[in-house]
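Engineer: Let me see the structure of the following:
(one chain, ligands or ions: 1)
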Amino acid sequence: MSSKDKIRAFLDEVALRNEHEPEFMQAVKEVAETVIPFIAENPRYEGKNILLRMVEPDRLISFRVAWVADSGEIQVNRGYRIQMNSAIGPYKGGLRFHPTVNASILKFLAFEQVFKNALTTLPMGGGKGGSDFDPKGKSDGEIMRFCQSFMNELFRHIGPNTDVPAGDIGVGAREIGYLFGQYKRIKSQFTGVLTGKGIDWGGSLIRPQATGYGCVYFAHTMLQTKGKSIQGRTVAVSGSGNVAQYATQKATQLGGKVVTLSDSSGYIHDAAGLDEEKLKFVMHLKNVKRGRISEYISAYPHATFHSGKRPWGVNCEIALPCATQNELDGDDAQKLIGNGIICVAEGANMPATPEAVEAFQAHGVLFSPGKASNAGGVAVSGLEMSQNAQRFNWTAEQIDEKLQGIMKNIHDKCAQFGSGDKGYVNYVKGANIAGFVKVANAMLDQGVV
Ligand code: NDP
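Structural biologist: Okay, the predicted model is just below:
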């Protein structure tokens, strides 16, 4: 059978079991298209159904989360934890609180996490979880009661050697605090069961910065391979949450001019670029006031707000999509290409659609998938686990140095498996194969389980 036929047969089989899960199938298809031809060339992996085993979660836990709103009304949400693969370490991956959360989205994220965690070289399996709870507009008390109720069930499935959740969309320092507090209360144990903890109670320096910084380090390394840098280039960033904020900070520190940020209501364009002071305003607006990015223009009236739009129509050479999945489609990619884009590094998970990725690759744009370029967050989470286990802390400089080393190493692994004929590196192919090899080798060693 040709590789093309094998891919089609594989996807048909996976689709039968995962009907109505488009995001999950999208992530599986991308991996299958690159990994199945690799398996065909490497007999060690042939005939073992490794990929088929990898797309089936070890377990999928779903539970009721009942909690009481400030109004006294009883609310019900659905909680999940997907434990995808533990061949190379305890399950590790974030929790997402967003009204769009469902099994398809969490399975795609958990599947990607398996490859991403393998790329970091740290001993972490892949998982993901969350809830369809919408934190927007909720009081602190409501957030706390929701987190406590969520943990009342989750606690029995996690542990420092079993499964170590972290943050994601809608789950930041505040939520991790409430979740950790409830876990500790139930278990009477102070352990590294969650990462992204506060710095005074077991957290790691640089963890908040790690995903955004790591994404920019990755973009920097890709540019370097072409004798280019971020210095003096215009950068479009989407999102305005954790990843977007620190991607903006690092890109600015490296001499780039970040001209956009966004949220689900629209984007702001500041042609003068965001400096430290403007970024400080955004951090206060989003992290403390929990406001909307449109409020940026009241403080900086020379900037413009574009309601309901995405930032990909602006002139820029570097794009860092840092909001959410499928936020940059084929048309957006064509606009970016028309405006002279040279580098796209995904900070979010799967923000570019398959059509967009294809267009970037066809035009020789440096393009890195989130599972490679946003792995800095989980890498520093892995370092947080090591620090917790040994009850000590590295300095910020030490962690930043380790982070830079890890991102460079991931880049080089992708280049090793993704280099093509004309000197163009297909980082998608490289990341998928490098991640697959590590997990597949462990699975082969451990037998059929
Ligand atoms: P945050 O909750 O801090 O911020 C999310 C940002 O994305 C907000 O600006 C939000 O806007 C925007 N957003 C969310 N949903 C949509 C949507 N449907 N359309 C447009 N904008 C949207 O999350 P993070 O910054 O932590 O996560 C961003 C991305 O990075 C996600 O894909 C996440 O999986 C990924 N990631 C995060 C890591 C981390 O360490 N935090 C690690 C690796 C990947 P609004 O306020 O309007 O919802």
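
Engineer: which parts of this protein sit against the ligand?
Structural biologist: Near the ligand, the residues belonging to the chain are 167-170, 172, 211, 239-244, 263-265, 322-324, 327, 347-349, 374, 377 when assessed by CB under 6 Å from any ligand atom. Backbone N, C-alpha and C define where each C-beta goes, glycine included.

Engineer: Buried subset of those residues as a PyMOL selection?
Structural biologist: The following PyMOL selection, which keeps only the buried ones among the residues of the chain next to the ligand, applies the criterion 16 or more other CB atoms under 10 Å:
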select buried, resi 167+168+169+170+172+211+239+240+241+242+243+244+263+322+323+324+327+347+348+349+374+377
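
Engineer: What's the per-residue pLDDT of the residue lying closest to Met407 once chain neighbours are set aside here?
Structural biologist: The shortest distance from Met407 to any non-neighbouring residue, by CB to CB, 6 or more residues apart in numbering, is to Tyr217 (4.2 Å). At Tyr217, the predicted lDDT confidence score is 98.

Engineer: To which secondary structure element is Tyr217 assigned?
Structural biologist: Assigned by DSSP states H and E, Tyr217 belongs to helix 207-224.

Engineer: what about the nearest residue to Phe180 once chain neighbours are set aside, how many residues close to it?
Structural biologist: The shortest distance from Phe180 to any residue that is not its chain neighbour, by CB to CB, 6+ apart, is 5.2 Å, and that residue is Leu194. Counted by other CB atoms under 10 Å, the residues lying close to Leu194 total 28.

Engineer: Also Asn315?
Structural biologist: Summarising burial for Asn315: neighbours were counted as other CB under 10 Å, giving 15.

Engineer: Quick check: which element contains it?
Structural biologist: Per DSSP H and E: nothing holds Asn315, as it lies in no helix or strand.

Engineer: check contacts around it.
Structural biologist: The neighbours of Asn315, taking CB atoms under 8 Å, 6 or more residues apart in numbering as the test, are 234, 339-340.

Engineer: how close does it sit to the ligand?
Structural biologist: Relative to the ligand, Asn315 is positioned 21 Å away (CB to the nearest ligand atom, to the nearest Å).

Engineer: Would you map the helices across the stretch 1-150 of the chain?
Structural biologist: 3-17, 22-41, 50-54, 103-119, 140-154 (DSSP state H, counting those that start in this stretch).

Engineer: Name the residues that touch the first one?
Structural biologist: Surrounding helix 3-17, the residues in contact under the criterion CB under 8 Å, 6+ apart are 1, 25, 28-29, 32-33, 36-37, 40, 51-52, 55-56.

Engineer: And the second one, by the same measure?
Structural biologist: Contact partners of helix 22-41, identified using CB under 8 Å, 6+ apart, comprise 3, 6-7, 10-11, 14-15, 18, 45-46, 50-51, 55, 103-105, 107-108, 111-112, 115, 325-326, 350, 354, 357, 369, 417, 426, 428-429, 432-433, 436.

Engineer: Pull out the buried residues from those residues.
Structural biologist: The buried subset of the contacts of helix 22-41 (16+ other CB under 10 Å) comprises 7, 10-11, 14, 18, 45, 50-51, 55, 103-105, 107-108, 111-112, 115, 325-326, 350, 354, 357, 369, 417, 426, 428-429, 432-433, 436.

Engineer: Quick check: which ranges of the stretch 251-400 of the chain have low pLDDT?
Structural biologist: Across the stretch 251-400 of the chain, no stretch falls below the confidence threshold (pLDDT under 70).

Engineer: Name the member of the contacts of Asn315 with the most neighbours.
Structural biologist: When the contacts of Asn315 are compared by neighbour count (other CB under 10 Å), Thr234 ends up highest, at 19 neighbours.

Engineer: pretty sure it is touching Gly256, no?
Structural biologist: Yes. Checked against CB atoms under 8 Å, the pair Thr234 and Gly256 is within contact range at 7.4 Å.

Engineer: For the stretch 301-449 of the chain, which segments are assigned as strands?
Structural biologist: Counting by DSSP state E, counting those that start in this stretch, residue ranges of the strands within the stretch 301-449 of the chain are 304-307, 318-321, 343-345, 366-368.

Engineer: no no, the stretch 51-200 of the chain
Structural biologist: So, for the stretch 51-200 of the chain - with DSSP E, counting those that start in this stretch - the strands run 59-68, 74-85, 91-97, 126-131, 163-166.

Engineer: out of these, deepest packed?
Structural biologist: Scoring the strands of the stretch 51-200 of the chain by mean neighbour count under mean count of other CB atoms under 10 Å gives strand 126-131 as the most buried, with a mean of 30.

Engineer: what's that one packed up against?
Structural biologist: The criterion is 3 or more CB pairs under 8 Å, 6 or more residues apart in numbering; DSSP states H and E, and the helices and strands that strand 126-131 contacts are strand 74-85, strand 91-97, helix 103-119, helix 140-154, strand 163-166.
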